[in-house]
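Engineer: Here is my input; please provide its structure:
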Amino acid sequence: MKLYIKYMVSLRCKMMVREELKKLGLQYVTVDLGVVEIMENITLSQRDQLRKNLLVSGLELLDDKKSILIEKIKNVITEMIHYSDEIPKVNYSDYISEKLGYDYTYLANTFSEVKGITIQQFIIINKIEKVKELLLYDELTLSEIAFKLHYSSVAHLSNQFKKITGLTPTFYKQLKEKRKGNLEDL
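Structural biologist: Residues are numbered from 1 along each chain as shown. Model prediction:
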């Protein structure tokens, strides 16, 4: 049986979910971002208790089909951008459609209707978050980051970064260095 969980986006979330399943005596097959597969059927009281326990941690057990589909879309995008070494070079629409087994137009319309933004906008926001993370690590140049995240150019990356954050990537990186300097002065 599969259960779908909203806001489950990190390894820490997965650990918390595993712990909650153990407390309820539920044996799991897999615990992935946004989805848990358990061996047996879950009783109504176990489901209610799991829902309450997850809410305490900021996670939400999903029931309706649209919410589950939206979480699946978000998890595919999060995994693709944040947890894979290489972002697929195929069209994002093809990738998401293939991963979820639905027509992309249906996925895009459902996502926009529920979230109020397009899948493309959600991808851009996630890519910019990844750029911020990579800038803070300071291991890659802006050109390498642009290449890694499949931007057509550094200028394209910089324009999107500024549109989303209001800052240039260079200025964002300088802010980090300035904060670091201020901490050393203490």
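
Engineer: can you give me the helices in the protein?
Structural biologist: 11-23, 44-56, 65-82, 92-100, 104-115, 119-137, 142-148, 154-165, 169-185 (DSSP state H).

Engineer: Pick the most deeply packed of those helices.
Structural biologist: A comparison of the helices of the chain by mean neighbour count, using mean count of other C-beta atoms under 10 Å, puts helix 65-82 on top with a mean of 18. C-betas here are computed from N, CA, C, even on glycine.

Engineer: helices or strands up against it?
Structural biologist: Applying 3 or more C-beta pairs under 8 Å, 6 or more residues apart in numbering; DSSP states H and E, one finds that helix 65-82 contacts strand 2-6, helix 92-100, helix 104-115, helix 119-137.

Engineer: and the shortest one, which strands flank it?
Structural biologist: To tie it back to what came earlier, the one meant is strand 2-6. Next to strand 2-6 in the sheet, as set by DSSP bridges, lie strand 35-38 (antiparallel), strand 60-62 (antiparallel).

Engineer: Poorly predicted segments of the chain, please.
Structural biologist: Low-confidence segments of the chain (pLDDT under 70): 179-186.

Engineer: Spatially central residue in it, please.
Structural biologist: T78 (2.9 Å; C-alpha atoms, centre = their mean).

Engineer: which one is it nearest to, not counting chain neighbours?
Structural biologist: Nearest non-adjacent residue to T78, counting by C-beta to C-beta, 6 or more residues apart in numbering: V9, 5.7 Å away.

Engineer: again, but for L136
Structural biologist: Nearest residue to L136 in three dimensions, chain neighbours excluded: K176, at 5.7 Å (C-beta to C-beta, 6+ apart).

Engineer: cool, and I125?
Structural biologist: I164 (6.4 Å).

Engineer: Report the contact partners of that neighbour.
Structural biologist: I164 sits next to I124, I125, I128 when contact means C-beta atoms under 8 Å, 6 or more residues apart in numbering.

Engineer: Noted, bye for now.
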